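Asker: 3D model of this:
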Amino acid sequence: MYQDGNNSKSRRQIHKGPPPVPPKKPRVNNNDGSGGSSQELSSSESVYSVPREKLLSCEDLTRLPVLYDDIVVECVYERYSSRQFYTWAGPTLVACNPCRPVPQLYTPTLIEHHHQQVKNGVDHRDAHVYSIAGVAHHRLTHHLGSVNQAVLVSGESGAGKTESARYMLGYLTHTETELQQMPKSPLKGVWRDKQPKDIQDKILASNPILEAFGNAATLRNHNSSRFGKLLRLQYGGCQLRGAEIDTYLLEKTRVTHQPERERNFHIFYQVVAGIKAGVLTNLAIIKEQNFAILPEEVTSSDLQNLRVTLSAFRLLEFSENHQQQIFEILAALLQLGNISFIQGDKGNWNINEESVASLKAVCGLLGLNEDHLAESLTIHTISVNSAHKTSVFHKPLERVSQCTERRDAMMQLLYHRLFLHIVHYINAKISAHRTIWSHFIGILDVYGFETFERNSLEQLCINYANERLQQAFMLKYLSAEHQVMKEEGFLGVDIPYTDNSNCVLALDSKISVFTILNEECQLKRAVRESEACERVCKALEHTGMVSAPATPGHTAGFVIRHYAGPVKYDAQGLLHKNKDEVPLEVWGLLTESSCSFMRNIVENSESTDQEKGRRTTRKITTLSKFKSSLDLLMKTLELCDLHYVRCIKPNAGTVTGVVEREYMLHQLKACGVIETVSISQAGYPVRISYEDFIMRYGHTRAGVDATTASIAVAKSVLSPPSSEEVATSLCRFGHTRIFLSESALYKLEEVRKEKHRLGATCLQKYWRSYKCWKQYKNLRTATCIIQKYTKAWVARHSGANSDVGFGLSGESLRAYLSPEHHKRLQETEESGIETDTESINGETNEDSRRVRKLRRRAQLQKLLEERAKATVHRVASEESLPEVTHKPDSYSELDAGVMKSVKYGKKLEIANSDEEVKITKVPVQPQDSYQRMRITTMRNLQEVTSILKGYCPSENLQMVLPKQNLSLYFKDGVLSYRRMPVVGIKFHTRRTCLPFSHHLPHLEQPQGLLDALH
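Answerer: Numbers count the residues shown, from 1 in each chain. From the prediction side, this is the model:
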């Protein structure tokens, strides 16, 4: 396989690329004196050079120090023995089938663990199938790489492909529900009945239905997929919108023919188990009845699986009537298999009397006429067209094999059409409209490479599909990767790899196996299968891929050298299966059924050229149909970023606990893992052209090319603070591309996200500033308008009077009017502390203060003497004082901020106990320079409240209590022992401004529009 024989080069450490895989084990010199002879290392010696601990801890085969085949196999074996069933081989995941349930590896906790690893851009992620699905989902939702993503699960039958695909589907649906990577925003046109959770449940429910109708137990696998399936999860706006299932080549011949010790499709055993348990009724089947197409016995698990299938039917909205119709067709197929034929007296073939009951049951279930069904199975109708008329002849079939072929063709047709109907119905329930999804993640679960003792057309198609997929892997990954590395200057050694292009050409080209077999089916003659196989061998012998069997005497056929090994295909049944003919009598019978469901599933099946897309009279063979569908699949995969899961089996029989190293090595070589390891060791998982890199992570400047700008951006982000160089483990710069590790890509994405966040914040800041400024301008304009009209209204109504209510009560007032407080006031005056009026007027001169102090004492003494001579009235009264003859010295001495003239009254609230004080604002006249003071007498302090109720807060009021020789002054809402200043005052919010005065707290003062106008 490998041509390089220089063993010394395999010993050298090559920094720019991986060590070459040598064609044979290295030779070591003997130093025991026996000469210069050399010998090959044994397997144990080569493995011994790598400690077992290193093999166990090596999650990626590319990190092995030496890439010998036995070391790679030993690493996989040691990890398998320690229950580590997943191993990386570069970007490819190698999954070894444990052959037993391991539920602890697939818990929601592990789903979240692998999701966080992918989200955080961890370089060395844990090997797991969840990690592959996570990378595909991350690249799709973050628009990295191609628009679409696809995970290709491949391997031999029984290697665990179906289980791996099922776990990946579970990861993607769980991530969509529980671990969203970014905010989801619904798109226009999303159907209301298709919510994300509902979509995910239906996608998961489709799996057991398709497994029941498309899987069967084989010698190598108890749940082998007998059809290919591509599940496309449809995404729109980074949110799961729906799904669609494409199927390829259902093995419908298994309905009528099963290999020895293998079972039919699961659904038939489930139906029989349901009938015996009474779950399914009205199917014209007796519980004790046996069926020819079910070679194996029904097991207890079949009934349990039936309940799962029925639950999935209900979740996907299959009605009870719809389910009954499906089970009736399945029951009819079971009864059709029991119909046998017996030769009559005239040499013709009739229905066996033992099969009459089955015939009646089939007709009752399918809505057919018994006589017509018997005739279509035993009589051949010949139509002869002449110039003006068509003659019809009925000819009894001559051989029992012809009757059996008709019966089998009818059974295969019914089952295949039923399978397609179910797939179409599921797609209608889970798929989204094309306008609301734009990209998808595909999970491709196809049959693995197969080789049995007797191989027929099914194995030829399956192995051809694996050849095409292997060729795509080789061309798109291995050869392209090898060429890219060499062009970018990272690979110094040519590594040979297996190329299966010759085998693909031998199978499908102008002169190929498919072409010859199709031509044989188009000939108007009896089928000659052995001659067709001889023709294949002679025409393609020169290719080296096709040859005649070594022992042609036993069975005719041909041998094809596939990438996984040679396979012999038998001639028996090869052309009959390829023709895939359904007699016209059978078609006519089924289309005349009285059951509408039966007619619906068999109609719209006219002959159409799959390659040209138009109707044709040419026979459409099975190989042509399969090739056409496979070509469409390959075109779909070409538009995707592919992620590979290579499933392998520990042994040929899928036995638990048994490991066959040679068998594992054969699979690793066949699926290209050895070549993948060799090339991936020098590669990086992410590579971007310089133009795309600078477009995503930076911007070009005038005079600077994309390469220089990209390198500068990468170094600025990825290089450590102490150095300007980037570590080669993170990033390398090629001639046309930049190569990145996962952690480097994550860091670049985080910096890009932060830059976007800062830019968005800056835009939001200026936009919000603009909106606030605009709103402020509007409010200011509105406020000015309100002020203008309010001031005008106040000016017009300035002379109007309003009632003022005033009340004082509580402990606070009594404490203020108490003799003790009055005594403290007098002591304060004697000590020279300025009064409230002096504080307001700002008079702090010592001489002027003493003069005023003496003057006030004289005035007070004179006033007290006058009051002593006056008669005290029993009730409160009002008396007018003469005008005050004293003028204030200068208004200029007053504080401008405090001494503004008050045009409106204030509101005073004192609510320390019983009563509530309410003072409303009323407009008052501007005060004159000479003010009048009103004097009233009171018998006790409790009359203060009743007296103040009748006065406006802006008036000067003196209340005299003769018994205690005490006077109180009230003005502008202030009650004080001191005479109020001549000019009007406003309340101060600081208590130190008006000492010894009862005033309002700041929080109780009015804060309305009138205060703003003042």
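
Asker: CA only for contacts and neighbour counts going forward, please
Answerer: Will do.

Asker: burial count for residue 352?
Answerer: 15 (other C-alpha atoms under 10 Å).

Asker: scratch that, residue 671 is what I was asking about
Answerer: So residue 671, with other C-alpha under 10 Å, has 23 neighbours.

Asker: distance of it from residue 637?
Answerer: According to C-alpha to C-alpha, to the nearest Å, residue 671 and residue 637 sit 18 Å apart.

Asker: for residue 154, same thing?
Answerer: According to C-alpha to C-alpha, residue 154 and residue 637 sit 14 Å apart.

Asker: okay, the two: which has more neighbours?
Answerer: residue 154 (26 against 20).

Asker: what pLDDT does the more buried one get?
Answerer: At residue 154, the model reports a pLDDT of 85.

Asker: May I have the phi/psi pair for it?
Answerer: As for residue 154, its main-chain torsions (degrees, to the nearest 10) stand at phi -130, psi 170.

Asker: Would you confirm that it contacts residue 462?
Answerer: No. In this structure, residue 154 is not within contact of residue 462 by C-alpha atoms under 8 Å, at 11.8 Å.

Asker: what sits in contact with each of these two?
Answerer: Common neighbours of residue 154 and residue 462 (criterion: C-alpha atoms under 8 Å, 6 or more residues apart in numbering): 447, 448.

Asker: which one is residue 441 nearest to, not counting chain neighbours?
Answerer: Nearest non-adjacent residue to residue 441, counting by C-alpha to C-alpha, 6 or more residues apart in numbering: residue 149, 4.7 Å away.

Asker: so what's the one you found up against?
Answerer: By C-alpha under 8 Å, 6+ apart, the contact list for residue 149 reads 136, 137, 139, 140, 440, 441, 442, 640, 641, 642, 643.

Asker: contacting residues for the second one?
Answerer: Applying C-alpha under 8 Å, 6+ apart, one finds that residue 137 lies in contact with 149, 172, 441.

Asker: and the residue minimising distance to the centre of the chain, what is it in contact with?
Answerer: Closest residue to the average C-alpha location of the chain: residue 176 at 3.5 Å, with C-alpha atoms, centre = their mean. Shown in contact with residue 176 (C-alpha under 8 Å, 6+ apart): 239, 240.

Asker: Now name the helix or strand holding it.
Answerer: According to DSSP states H and E, residue 176 maps onto helix 161-178.

Asker: Now that helix: buried residues?
Answerer: 161-162, 164-165, 168-176 (16 or more other C-alpha atoms under 10 Å).

Asker: Shouldn't residue 229 be within a strand?
Answerer: Yes. Per DSSP: H, G, I helix; E, B strand; the rest coil, residue 229 lies within a strand segment.

Asker: Bridge partners for it, pull those for me.
Answerer: Here residue 229 sits in beta bridges with residue 247, residue 445, as judged by DSSP bridges.

Asker: Touching, it and residue 444? I think so.
Answerer: Yes. When contacts are counted by C-alpha under 8 Å, residue 229 is listed as touching residue 444 (6.0 Å).

Asker: More neighbours: which of the two?
Answerer: Between residue 229 and residue 444, residue 444 has the larger neighbour count (other C-alpha under 10 Å), namely 25 against 22.

Asker: Quick check: which element contains residue 289?
Answerer: Counting by DSSP H and E, residue 289 is part of no helix or strand.

Asker: So what does it have for phi and psi?
Answerer: Per-residue torsions, residue 289: phi -70, psi 140 (degrees, to the nearest 10).

Asker: before we move on, back to that, for the contacts of residue 149, give me a markdown table that also has secondary structure, pLDDT and distance to residue 64.
Answerer: A markdown table is the format used below for the contacts of residue 149 (DSSP: H, G, I helix; E, B strand; the rest coil; pLDDT from 0 to 100; distance: C-alpha to C-alpha, whole Å):
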| residue | secondary structure | pLDDT | distance to residue 64 |
| --- | --- | --- | --- |
| 136 | helix | 92 | 26 |
| 137 | helix | 91 | 29 |
| 139 | helix | 89 | 28 |
| 140 | helix | 89 | 31 |
| 440 | strand | 93 | 35 |
| 441 | strand | 93 | 32 |
| 442 | strand | 93 | 32 |
| 640 | strand | 88 | 30 |
| 641 | strand | 88 | 27 |
| 642 | strand | 89 | 25 |
| 643 | strand | 91 | 22 |
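
Asker: could you flag which of those residues are buried?
Answerer: Buried by 16+ other C-alpha under 10 Å: 136, 137, 139, 140, 440, 441, 442, 640, 641, 642, 643, out of these.

Asker: Output the contacting helices and strands for the lengthiest helix in the chain.
Answerer: Secondary structure of the chain per DSSP state H: the longest helix is helix 742-796. On a contact count with 3 or more C-alpha pairs under 8 Å, 6 or more residues apart in numbering; DSSP states H and E, helix 742-796 meets helix 706-718.

Asker: helix or strand right after the helix it packs on?
Answerer: strand 731-733.

Asker: which helices and strands sit right next to that following strand?
Answerer: strand 737-740.

Asker: The strand it packs on pairs with which strands, parallel or anti?
Answerer: strand 686-689 (antiparallel), strand 731-733 (antiparallel).

Asker: Deepest-packed of the ones you listed, please.
Answerer: Stretch with highest mean neighbour count among the strands paired with strand 737-740: strand 731-733 (a mean of 21; mean count of other C-alpha atoms under 10 Å).

Asker: Check the offset of that one from the chain's centre.
Answerer: The chain centroid and the centroid of strand 731-733 are separated by 31 Å under C-alpha atoms, centre = their mean, to the nearest Å.

Asker: which residues touch that strand?
Answerer: Residues outside strand 731-733 that contact it (C-alpha under 8 Å, 6+ apart): 711, 738, 739, 740, 741, 744.

Asker: how far away is the closest residue in space to the fourth one that isn't next to it in sequence from residue 715?
Answerer: Counting by C-alpha to C-alpha, 6+ apart, residue 740 lies nearest to residue 731, which is 4.6 Å off, once chain neighbours are set aside. Distance of residue 731 to residue 715, computed by C-alpha to C-alpha: 9 Å.
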